[in-house]
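Peer 1: mind folding the following:
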Amino acid sequence: MEKDNLYNFISLKLSAHKTPIFKEEKQKDWIIYGAEKGDYYNNYPGYLTYLYNRSSKQNAFINGKVHYICGNGVGFDAHGLNIEAKASVNDFLNKPNDNGDTLKDVIKKSVLDKKLYGGFYLELVWNKSGKSFEIYHMAYNSLRKAKNDDGYWYSRDWANKRQDEETTGLKYIDAFTPEGGTGSQIYCAKEYRPDLDYYPLPDYLASCVYAEIDVELSNYRLNAIKSGFNSGTIISFNNGRPTDEERENIEDKLKEKFVGTDQANSLLINFSASKESAPTIARLAPQNVDTQLDSLNDQVTQELIIGHRITNPLLVGIKTPGELGGTNQISESFLLYRSTYIEPNQKEIEKEFNYLLTLKGFANRIYLKEVTPMQEVLPIEEKVKVMTKNEIREMFNLEAIEEVEPVKPVISSTVHRFEEDECCRHSFNAEDIENTIEVFRQYGEDIDKFEFIDKKYLFKFSIDDVFENEVKNYSFDILEGDVKLLYRNIIDLLSKDPLMSNNSIADTLKTPLNRVKVAVDRLIKDGAISLGNEDVPNRVPTKEAIKVIDEQGAKTENLRIMYTYEPRPGQKALLPTSREFCVKLMNAGKIYSRQQIEQISSVVGYDVWAQRGGWWTRKGGDVTTPYCRHVWVQNVVRIKK
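Peer 2: Have a look, this model is predicted:
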């Protein structure tokens with residue numbers, strides 16, 4: 001046997017992390033996303049995904065950033081919007097596409113892509129008219145920038161060397177243009193870096209090597225446990241050089257007997273002809289390996305904290321040695337993190353999606369709600385100062401009692417009129433309750449049929465108050481029923497005689513003067529009626545108002561104002577002490593129009609707007625309040641599609 005063949009060596013080339021190269025190749029129609037040959041050729045996002053999935057620290061830091069940036073969901077500023085506009089924005093928030101996603105879902109996926117890859121893609125699908133679009137999240141690693149066009153190439157699997165429509169679904173998709181189009185277009189948002197035209201890079205790029213070290217540390221510890229030796233081991237056989245087949249057989253038997261956690265600490269029995277021919281076992285254990293690994297693990301954590309710009313690792317659930325993690329320290333770290341990282345990133349996301357919403361006719365309406373890492377812990381005596389009686393009782397596991405505000409009795413009702421010194425102490429017996437609830441069951445519609453657009457709580461209202469509230473809160477082109485009819489009649493009369501007074505209109509229509517006045521004021525506010533000057537104080541309906549009334553509000557005819565019976569804000573829906581009337585009405589699952597509730601008031605003989613669940617005299621006192629803890633809630637709704 002020749003001397004050169006006495007030993008066999010395997011050369012292992014250990015590669016370091018390098019910034020990916022983006023370049024054109026002659027035979028490709030797309031820009032190569034990572035030109036280095038190897039497992040991640042044209043698939044640098046796949047490498048970043050690998051680190052995200054395999055490094056627990058990398059995963060925690062990225063998920064933590066996504067959590068804080070997304071916050072408590074998506075909100076929108078409805079100030080100054082009419083109900084039609086609110087409904088459009090509500091559609092954008094709750095159903096931006098036909099996949100069942102909400103805008104919150106789309107934004108969360110987009111933020112994850114932005115923090116993982118440095119950017120995100122959205123697929124915008126235009127309708128047939130080319131004037132509106134649906135928004136879908138597009139998986140970031142599925143697209144490559146086209147080489148000779150502004151668009152993108154889509155593939156289900158860029159790791160596949162063969163790219164065609166049949167194998168990977170390869171297809172070309174146009175880039176987004178705000179002027180409109182047909183079919184699908186790709187909207188791209190990416191973080192800026194100098195000299196990067198085609199693809200973005202993540203903000204933690206410089207720390208990728210430490211995420212990879214974290215993966216290898218985990219692999220090292222796992223393999224050390226699985227090996228059953230706790231360190232690398234060389235077994236030398238001193239009885240001659242075996243054939244290749246014999247070597248493979250020996251290796252298989254050793255692995256079968258001694259490799260794996262189940263074989264750890266197994267007994268090894270050896271039979272040999274002499275000491276000289278006995279196998280030699282040598283361990284490759286470096287000095288103080290545990291200390292070195294712990295030190296390296298700490299260094300990896302610190303470098304990833306720097307790379308991800310985390311002010312305190314406790315914010316994302318990672319505790320480091322020497323950190324006490326007090327509430328004040330976390331709060332201060334969060335304030336710094338919020339101002340230096342969270343808010344700037346939120347503004348970037350808001351800017352992208354507000355731009356898309358601008359194309360739908362709304363400017364700067366969307367915002368991301370803030371989230372906090374934890375609440376301040378208050379002493380119990382401070383908590384009690386701001387708690388209700390029942391909240392205090394609940395804290396001590398005591399049964400709740402009925403709470404009613406000590407207010408002056410409300411005597412307003414168009415059904416029952418009381419003198420100022422009278423007080424109605426109406427109460428329900430079991431028969432009254434069942435009869436009244438049966439009336440409520442005869443009216444109203446199933447609440448599950450409707451989608452809710454807007455909501456306002458009504459406190460201490462009578463029938464006329466509710467009518468006036470509807471007119472004041474909502475523009476003339478959404479209201480229906482008797483309000484719509486009143487508007488129509490007012491516009492009709494003023495179009496014939498612009499000098500007609502409110503008194504004359506009320507007398508002609510046999511309608512209370514206060515309702516006419518409120519309706520006319522609203523028509524003037526909405527620009528449906530134009531005013532003359534001092535010399536000629538006429539009130540002329542506009543052509544647009546006449547058109548809207550004639551068309552019965554075609555743009556908003558699917559919107560309705562209806563009422564639900566709900567607990568006051570901040571109160572529980574039902575308590576053990578809640579009145580049977582309230583329990584049954586809450587469980588009825590009904591929603592009512594104002595006209596229906598007025599009809600119910602006529603049937604039961606009292607104003608259910610004002611009295612609701614019955615009048616209540618506080619126990620042990622003479623103060624009577626004409627309502628219970630539940631209120632009527634005014635909702636703008638439409639039938640679900």
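
Peer 1: can you count the residues close to residue 578?
Peer 2: 19 (other Cβ atoms under 10 Å). The C-beta positions use only the backbone N, C-alpha and C, and glycine is treated the same way.

Peer 1: so it versus residue 588, what's the distance?
Peer 2: Counting by Cβ to Cβ, to the nearest Å, the gap from residue 578 to residue 588 is 14 Å.

Peer 1: just the CA trace of the helix or strand that contains residue 490, in CSV.
Peer 2: Under the criterion DSSP states H and E, the helix or strand holding residue 490 is helix 481-496. Provided in CSV are the C-alpha atoms of helix 481-496 (Å, rounded to 0.1, in the frame of the first residue of the first chain):
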residue,chain,number,x,y,z
GLY,A,481,-89.5,56.2,5.5
ASP,A,482,-91.3,59.2,7.0
VAL,A,483,-88.2,61.4,7.1
LYS,A,484,-87.6,60.8,3.4
LEU,A,485,-91.3,61.6,2.7
LEU,A,486,-91.0,64.8,4.8
TYR,A,487,-87.9,65.9,2.8
ARG,A,488,-89.7,65.1,-0.5
ASN,A,489,-92.7,67.1,0.5
ILE,A,490,-90.7,70.1,1.8
ILE,A,491,-88.6,70.2,-1.4
ASP,A,492,-91.8,69.8,-3.5
LEU,A,493,-93.5,72.7,-1.7
LEU,A,494,-90.4,75.0,-1.8
SER,A,495,-89.8,74.3,-5.5
LYS,A,496,-93.4,75.7,-6.0
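
Peer 1: the helix or strand that that helix is followed by: how far from the chain's middle?
Peer 2: Going down the chain from helix 481-496, the next helix or strand is helix 502-509, by DSSP H and E. Distance of helix 502-509 from the chain centroid (Cα atoms, centre = their mean, to the nearest Å) equals 51 Å.

Peer 1: would you mark the buried spots in helix 502-509?
Peer 2: Applying a neighbour-count criterion of 16 or more other Cβ atoms under 10 Å, one finds 502, 505, 506, 509 buried in helix 502-509.

Peer 1: equivalent analysis for stretch 161-174, please.
Peer 2: For stretch 161-174, burial by neighbour count (16+ other Cβ under 10 Å) applies to 163, 168, 170, 173, 174.

Peer 1: the first one belongs to a strand?
Peer 2: No: with DSSP: H, G, I helix; E, B strand; the rest coil as the criterion, residue 163 is assigned coil and is not in a strand.

Peer 1: show me the domain layout of the protein.
Peer 2: Domain segmentation of the chain under automatic domain parsing yields 209-290, 395-464+560-641, 479-552.

Peer 1: before we move on, back to that, out of the buried residues of stretch 161-174, which is nearest to residue 148?
Peer 2: Ranked by distance to residue 148 (Cβ to Cβ), the buried residues of stretch 161-174 are led by residue 174 at 13.3 Å.

Peer 1: helices or strands up against the one helix or strand that closest one maps to?
Peer 2: In this structure, residue 174 sits in strand 171-175 according to DSSP H and E. Applying 3 or more Cβ pairs under 8 Å, 6 or more residues apart in numbering; DSSP states H and E, one finds that strand 171-175 contacts strand 152-154, strand 184-190.

Peer 1: the first one pairs with which strands?
Peer 2: Pointing back at strand 152-154 there. strand 143-145 (antiparallel), strand 171-175 (antiparallel) (DSSP bridges).

Peer 1: next: the last one.
Peer 2: Taking DSSP bridges as the criterion, strand 184-190 pairs within the sheet with strand 119-126 (antiparallel), strand 171-175 (parallel).

Peer 1: helix or strand for residue 353, which one?
Peer 2: Element membership for residue 353 (DSSP H and E) is helix 343-358.

Peer 1: pull out the buried residues from that helix.
Peer 2: 345, 346, 349, 350, 352, 353, 354, 356, 357.

Peer 1: counting neighbours, what do you get for residue 218?
Peer 2: 15.

Peer 1: now do the contacts for it.
Peer 2: 54, 55, 56 (Cβ atoms under 8 Å, 6 or more residues apart in numbering).

Peer 1: mind checking which of these are buried?
Peer 2: 54, 55.

Peer 1: save the contacts of residue 218 as JSON lines, and put in pLDDT, distance to residue 203 and secondary structure too.
Peer 2: Below are the contacts of residue 218 laid out as JSON lines (pLDDT from 0 to 100; distance: Cβ to Cβ, whole Å; DSSP: H, G, I helix; E, B strand; the rest coil):
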{"residue": "54", "pLDDT": "93", "distance to residue 203": "20", "secondary structure": "helix"}
{"residue": "55", "pLDDT": "93", "distance to residue 203": "16", "secondary structure": "coil"}
{"residue": "56", "pLDDT": "92", "distance to residue 203": "20", "secondary structure": "helix"}
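
Peer 1: where along the stretch 401-550 of the chain do the helices fall?
Peer 2: Assigned by DSSP state H, counting those that start in this stretch, the helices in the stretch 401-550 of the chain fall at 430-442, 463-473, 481-496, 502-509, 513-525, 543-550.

Peer 1: could you list the low-pLDDT ranges of the stretch 351-500 of the chain?
Peer 2: 372-430, 458-482, 496 (pLDDT under 70).

Peer 1: hang on, the earlier thing: tabulate the buried residues of helix 502-509 (a markdown table), appending distance to residue 137 and pLDDT.
Peer 2: As requested, these are exported to a markdown table (distance: Cβ to Cβ, whole Å; pLDDT from 0 to 100):
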| residue | distance to residue 137 | pLDDT |
| --- | --- | --- |
| 502 | 55 | 86 |
| 505 | 55 | 83 |
| 506 | 56 | 83 |
| 509 | 54 | 77 |
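
Peer 1: those into CSV, with extra columns for distance to residue 599?
Peer 2: Formatted as CSV, these follow (distance: Cβ to Cβ, whole Å):
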residue, distance to residue 599
502, 27
505, 25
506, 23
509, 20
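
Peer 1: the helices in the stretch 51-200 of the chain, which residues?
Peer 2: 56-70, 83-94, 103-117, 165-168.

Peer 1: how near is residue 99 to residue 560?
Peer 2: 28 Å.

Peer 1: between those two, which one's more packed in?
Peer 2: residue 560 (20 against 11).

Peer 1: tell me the confidence at the closest residue to that one other than its chain neighbours?
Peer 2: Nearest residue to residue 560, sequence neighbours excluded (Cβ to Cβ, 6 or more residues apart in numbering): residue 637, at 5.6 Å. pLDDT, residue 637: 83.

Peer 1: try residue 320
Peer 2: 68.

Peer 1: what do you get for the one 3 residues further on?
Peer 2: We note a pLDDT of 59 for residue 323 in this prediction.

Peer 1: separation between residue 356 and residue 349?
Peer 2: In this view, residue 356 and residue 349 are 11 Å apart by Cβ to Cβ.

Peer 1: now do residue 449
Peer 2: Residue 449 is 35 Å from residue 349, by Cβ to Cβ.

Peer 1: then residue 362?
Peer 2: When residue 362 is compared with residue 349 (using Cβ to Cβ), they lie 17 Å apart.

Peer 1: ditto for residue 40
Peer 2: 28 Å.
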